[in-house]
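Chemist: The following comprises the amino acid sequence and a computationally predicted model.
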Amino acid sequence: MSKEIDAGVVAARPSSGRRVPPAGVLAAALMLALLVLAALFPWLVTAASPLQTDATAALQGPSAAHPFGTDQSGRDVFARVIYGARYSLAVGLGATALALGAGLIIGITAGLAPRFLDGALSRTIDVLMAFPEFLLALVVIAVIGTGEVSIVFAVALAAIPAYARVARIQTMVVSRAGYVRAARSLGVHPFAVVARHIIPNTLGPLRVMATIGVGTAIVSAAGLSFLGLGPQPPTPEWGVILSEGRNFLATAWWIAVFPGLAITAAVVALSTLGRYLRLRSAGRES
Amino acid sequence: MGSAVRLGGVLLVVWGAATAGFIALRLIPGDPVDVMLGVHARVGEEVRAQIREDWGLDEPPLVQYLSYLGRLLQGDLGQSYQLRSSVTDVIGGQALPTVQLTSLALLFALVLALAAALLARGPLAQRIVSLVELLVISSPTFWIGLVLLAVFSFQLGWFPVTASEGFASLVLPALTLALPVAGIISQVLRQGLDDAEAQQFATTARARGVSRAGLVLRHSFRHAGADSLTLTGYLVGSLLGGAVLVETVFARQGLGGVAIRAIIGRDIPVVLGIIVVAAIVFALINLIVDLTYRVLDPRLRVLDPRLRVVAHEVAA
Amino acid sequence: MNLHPFAPKKLAALVAAAAFVLTLGACAAEPTATEPATGEPATAERTITFAIEGANLSAGHMDIHSSQLDVASLVLRNSFDSLVSQDATGAFVPWLAKSWTISEDGLRYTFQLREDVTFHDGEPFNAEAVKVNFDHVVDPKTASAQAASLIGYAEGGGYYIDTEVVGEFEVAVNFSQPYAPFLQGVSLPQLGFYSPLVLEDHADDLKAGGPGITVGTGPFILSEYTPDQELVFTANPDYAWPPQGSAHQGAAASDTLVIRILPEAASRVGAITSGGADVAADFTPNMAAQLGDDVTVNSIEMPGLPYSLYLNEDRGVFSDPLVREAFSIGVDAQSAIDSIYLGQFTRAWSILGPTTPNSYDSSLEATWPFNPDKANALLDEAGWTERDAEGYRLKDGARLSARWIAWTPVPDDRASLADFLQSDLKNLGFELVRDVLEPAQYNEAYGPRDFDVTDWAFSSPDADVLRSHLQTGGFQTVSPVTKPEVDAWLDDAVATSDPAVRAELYGNIQQWNAREVLIVPLFVPSEITVARDGVTGLTFDLYGRASFYGATVTD
């Protein structure tokens, strides 16, 4: 009776200690490892240059020499996708780390704060969550301007409310728990309580959210780049390549298809890993 | 009393959005006068001063803010610097294609999700549907659109390439927008349909000593947030946010293009107008859904919103 | 115990809301007509549809007196007439002016105007109207760039003095020195005529344009304008004053002209192939290659300034002439252009295009070809001998880097060309950073000249266009450095109408630029317009811009 629906409903059999992770999770881990390799050492994955143009080789389809084909300037698309990994992963990780940190601080403050402060913070979170995350990111870009760094901030800001909300609820639940009450009544300093009890218990679920959140951040960042709000050409960022490829769909579909596959692969891998972590952490509770 | 609070909540959200937007956009560096004069314009200082006076750019920020709020209450969203027409006209003129797109997308999403939930009953089918859901939610919306466009418009020619051939042009964009939403709805539906088995799990888990906190943990991740309100928010957000990208991919008219042009071109009144309109739309839809919902489930008419939220979680 | 007591109900509520929204959308959708198919046989109304790129038109470029964009001329020519017209041979023929005389000293042009011309709002066209319009062009509040330059006006200088009403239908324009390009300028839409009532009541709205504001004497009346979407013109029933020698007479051949703004190349291609448009402009050879056999492709090489890079010699690395020369020969522009434009656009070697009358210096052709070895040697000689970790050249710790600003939207072909240029320069160790900016931000950088390179092409049937690009204070002069030699040549060139003298003076300027490398020409664009079979009566001006006066669609 094992189902994997959103991984929220877990398998009914007990998770008993260390098990070999399922094949899907191993594949996901492998894919992520490949992406990290591409991000850190792209020259190990491909010998071609992502920026070198070649007027004689423009718009050629996938072949042995160019596994993903060439683009309108004769550049190797495979090389561009590999070198592009670092931008997407950097933005995804950076934005998520920022959002996680800020969300944690805001959420814990709200959870522990007196009623009025919590109310104000919650209302603010609600207002922010009133916006489609993508539109919120767009507005941030409107204020701080375009570019790679702007995208990191925009995506982070748009994601903070979700983390803050979970952190807040977790804080409220944990702070009402018996052992925490005991600690407080024994005179343990509130900051120590936060550090020793609240943060560790909040990090668990947030960590899982963040794993999946990195994937969402990558997609949002690619979307903003696609609209022209991120790095400028000829940077081989995946969203930029996709927006270039859009103009050649009729004649050179490979320019648009492969970077998108890379994004999807990254997000699927992260989601799978995230759900697996969720299962593992849930299992550890028993 | 409850309804008044709810309506107040809507107004609060809209006010908050308008204020936040106003503050944020005041922070933008750069001179709107440059925008109005266009590329390569060279004019003397008195002409610039005249433009500033005409548009009220010289007033202190607080005065600008209050007059802005005042105009908002009268339904006046202001004038666009660049397009030289009222923001209401700009948004109203381009709202219809977006409404058509999102409506059709929602319809497609519901149909697809229902089909997936009802037709996929065996374990193999469940796995396949799960996998498709995962792929669809993980792929960037605009990439799905590009792929559909490449395959069905350029290669197979089943759908037109341009955006103005009536209903046929609407199908692919609406489908693109619908897929991720369909994925989420399908997940929720299938989870709902499996409630019975989930219940058994809950009982078994509790019998083994899984703490209440553990159950809360598991529960709080679902739907990308703790509150059920977030499901609606997430869906509307997906549709509105996705519409911007889909309209770009398929070169469609609509609010997406208006928003992007206004944001990049720093047409501040239009950006503010879109923020306000988006907040109103979201708040209204939430209000409608919530009211309908409260009618359906009297259990949750709890006065303290904080407790209500926690009550959702521990209702198990 | 239900873990999800609300999810299905939540969905039910959402479905209810959705149904509400859908009904709204469906109701609203019904009365909205999709684009009407052109040439519907049953109705008497003849409609012709024209698809253009149309970008930036809505950003304040609906005023012919102030805009310098080609798209403004293209669209607004339909509503605004000029005093004279230039025919295919380049000669000037009467239009709104039935005749004209030039004084002996070349300082005064007197025009005798037609007496039967009226504006779309009923106002009569007369000498007073001409004066009011020309006054508006030179008014500082209009902030005119190109129109003011065409009329020879410059703040605190220039050649234009004023316009004088001599009789009800006779008007004179006075100059401080002979200004030969004047007739050329006066044949363009930029010096076309608004109704005096509009100039009086709606001067502030001209840039935004619209029905009732964009009011001229032309064969088409603007009846609807949806910014960034479309313009609808209806034929002017009273129109009886086409240029002399026009094949078509009377009211326009089509009842309605619809101009659709389609910024996406693929959309314009799709519009032609599907019949959503009868004529489409702003095509590249790549796009034209995707069309079938049932279209006619008109390609007209553009006179004026070819697509070039403009270097800012006042700042940064380009203050060194060695670096400028290395930059110009360090890129393989020929291969790039052949690749991008399928070999159909020619390489530009001079700052004037070959079809610019009486001025092109063909001796410059192929005189500075791609030569990476020489470029490297020049850069070494200029002192950029060290390299940093990424391979870029260094001098005194600073990287050899230039900033290129471009404004949106950037057509795909130009973006591709930029990729090639950046790549070639990187191989030399020269970093070329390209910032694509929205017009507002572009202005902010352009004003104080906070850039090293920018780019554009500028069409003009007269070499005098160089004046606005090289003369000190010219409205598109990039370099702030004063060059008295060039200023003198330019002033002399406008003072004479002798083609041989002008050719020599412009030749001097072209040679000068070849030495100084202030402007790096790349390729000569052609204006490509495609028309579906069945479109008749379409004509083109010297720039390759389509004219719809006599055009109609027969199925």
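Modeler: Arrived safely, thanks for sending.
Chemist: CA only for contacts and neighbour counts going forward, please
Modeler: Noted.
Chemist: Where do the helices of chain A begin and end?
Modeler: Secondary structure of chain A by DSSP state H: the helices cover A:23-40, A:42-45, A:77-112, A:115-130, A:133-144, A:148-175, A:178-185, A:190-193, A:199-226, A:238-246, A:254-284.
Chemist: shouldn't residue C:81 be in contact with residue C:218?
Modeler: Yes - at 5.3 Å, residue C:81 and residue C:218 qualify as touching, with contact defined as CA atoms under 8 Å.
Chemist: Comparing these two, which shows the higher neighbour count?
Modeler: Counted by other CA atoms under 10 Å in any protein chain shown, residue C:81 and residue C:218 do not tie: residue C:218 has more neighbours, with 30 against 27.
Chemist: ok, now how distant is the more buried one from chain A?
Modeler: Distance of residue C:218 to chain A, given as CA to the nearest CA, to the nearest Å: 37 Å.
Chemist: Equivalent analysis for residue C:212, please.
Modeler: Between residue C:212 and chain A the computed distance is 34 Å (CA to the nearest CA).
Chemist: Spell out the secondary structure type for that residue.
Modeler: Of the three states, residue C:212 takes coil under DSSP: H, G, I helix; E, B strand; the rest coil.
Chemist: List the residue ranges of the stretch 201-316 of chain B that fall below the pLDDT cut-off.
Modeler: Scanning the stretch 201-316 of chain B for pLDDT under 70 picks out B:201-234, B:265, B:292-316.
Chemist: likewise chain C?
Modeler: By pLDDT under 70, the weakly predicted segments of chain C are C:1-44.
Chemist: Tell me the residue of chain C that sits nearest chain B?
Modeler: residue C:440 (4.6 Å; CA to the nearest CA).
Chemist: And that residue, which helix or strand is it part of?
Modeler: Residue C:440 belongs to helix C:439-446 when elements are defined using DSSP states H and E.
Chemist: what's the closest non-adjacent residue to the residue of the stretch 1-150 of chain A found nearest chain B?
Modeler: Proximity of the stretch 1-150 of chain A to chain B (CA to the nearest CA) peaks at residue A:132, 3.8 Å away. Distances taken as CA to CA, 6 or more residues apart in numbering or on different chains place residue B:237 nearest to residue A:132, at 3.8 Å, with adjacent residues excluded.
Chemist: Where does that neighbour sit: helix, strand or coil?
Modeler: Three-state call for residue B:237 (three-state DSSP): helix.
Chemist: wait, doesn't it sit right on residue A:128?
Modeler: No - if you go by CA under 8 Å, residue B:237 and residue A:128 don't touch, sitting 11.5 Å apart.
Chemist: quick one: contacts for the residue nearest to the spatial centre of chain C?
Modeler: By CA atoms, centre = their mean, chain C has its centre lying nearest to residue C:70, at 2.1 Å. Applying CA atoms under 8 Å, 6 or more residues apart in numbering or on different chains, we find residue C:70 in contact with residue C:459.
Chemist: what are the phi and psi angles of it?
Modeler: Main-chain dihedrals, residue C:70, degrees, to the nearest 10: phi -60, psi -40.
Chemist: before we move on, back to that, ok, how many other residues are close to the residue nearest to residue A:132?
Modeler: Around residue B:237 there are 23 other residues, counting by other CA under 10 Å.
Chemist: do the same with the one 4 residues further on
Modeler: One way to gauge burial is a neighbour count; for residue B:241, by other CA under 10 Å, it gives 21.
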